[in-house]
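A.B. asks: Next come a sequence and a model predicted from it.
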Amino acid sequence: MTFQKHEKEVSAFVQARFIRERITFVRRDVEVEGTIFKILENSCIVEISQEDAKKIGAASTLTVVSHKNYQVYE
């Protein structure tokens, strides 16, 4: 038995994102800046500084951020 793949529409916001783009997001009441490392369907993996990782209690400098929870840094 095989399952058919259902193509999901990708929003214009997500389509406009690119690797190494700078973004900002808030986690644990701390505003964090980072760069997109990898783009996923519903989120992206973001590289942040070691200092910001410590502030938000992240185990590494890579963290997952939903597309709904960040803004493009300008």
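C.D. replies: Now that the structure is in, tell me what you want to look at. Numbering: from 1, shown residues only.

A.B. asks: now the helices: where do they sit in this structure?
C.D. replies: Remark: helices of the chain, listed N- to C-terminal, are 12-15, 50-56; assignment by DSSP state H.

A.B. asks: Could I get the average pLDDT for the first one?
C.D. replies: This points to helix 12-15. Averaged over helix 12-15, pLDDT sits at 87.

A.B. asks: What's the separation between Y73 and I19?
C.D. replies: Taking Cβ to Cβ, to the nearest Å as the criterion, Y73 is separated from I19 by 14 Å. Quick note: C-beta positions are derived from backbone N, CA and C, even for glycine.

A.B. asks: repeat for E41
C.D. replies: If you measure E41 against I19 using Cβ to Cβ, the figure is 15 Å.

A.B. asks: Kindly report the same for N69.
C.D. replies: Counting by Cβ to Cβ, the separation of N69 from I19 is 19 Å.

A.B. asks: next one: E7
C.D. replies: In this structure, E7 lies at 23 Å from I19, with Cβ to Cβ as the measure.

A.B. asks: wait, what's in contact with the closest residue to F18 other than its chain neighbours?
C.D. replies: If you skip the residues right next to it in sequence, F18 has I36 as its closest partner in space, 7.1 Å away by Cβ to Cβ, 6 or more residues apart in numbering. Going by Cβ atoms under 8 Å, 6 or more residues apart in numbering, I36 touches R17, F18, I19, R20, E21, I23, C44, I45, V46.
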